[in-house]
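Asks: need coordinates for the below:
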Amino acid sequence: MDGHRAPDLGLPHGDTLLRRLRVDRFLLLDFTPAGELAALGTPAVEVVTAEPWAGLAAALVRPDGYIARAWSTADADQIRTALTDWVPS
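Replies: Got it, this is the predicted structure:
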């Protein structure tokens, strides 16, 4: 998954992934049932809850629409570490 273009997934409120992309932020797609990753949001990372996709718990989408990282488990510490690697501070 990493390095592939993200599909235009449907998001809550009739939105889509491609409509949510912005040049100044990453999207962290939270596929967990309870939106467990909401606390990881920052001005540079928007956390968006989404319907489960491809057996993933989360995916980090770059501003250009490509998947930076994807996780099969919602390990917040592991995801937070990856965010510090990918997202400029």
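Asks: what's opposite the spatially most central residue of the chain in the beta bridge?
Replies: Centrality entry for the chain: nearest residue to the mean C-alpha point is L28, 1.9 Å, by C-alpha atoms, centre = their mean. Beta-bridge partners recorded for L28 (DSSP bridges): V47, L60.
Asks: what about it, distance to L60?
Replies: Going from L28 to L60 by C-beta to C-beta, to the nearest Å gives 5 Å. Heads up, the C-betas are built off the backbone N, CA and C, glycines and all.
Asks: the residue nearest to the centre of the chain reaches T49, doesn't it?
Replies: No - between L28 and T49 no contact is recorded; they are 10.0 Å apart, counting by C-beta atoms under 8 Å.
Asks: I'd assumed Q78 was in a helix, is it?
Replies: Yes - the assignment for Q78 (DSSP: H, G, I helix; E, B strand; the rest coil) places it in a helix.
Asks: poorly predicted segments of this protein, please.
Replies: Along the chain, the model assigns pLDDT under 70 to residues 89.
Asks: try it again with 90
Replies: Within the chain, the ranges that satisfy pLDDT under 90 run 1-3, 12-13, 51, 54, 87-89.
Asks: which residue ranges form the strands in it?
Replies: Assigned by DSSP state E, the chain shows strands spanning 26-30, 45-49, 58-61, 67-71.
Asks: gap between T81 and A39?
Replies: Counting by C-beta to C-beta, the separation of T81 from A39 is 15 Å.
Asks: L18 too?
Replies: Relative to A39, L18 is positioned 25 Å away (C-beta to C-beta).
Asks: who has more neighbours, these two?
Replies: The residue with more neighbours, out of L18 and A39 and counting by other C-beta atoms under 10 Å, is L18; that gives 14 against 9.
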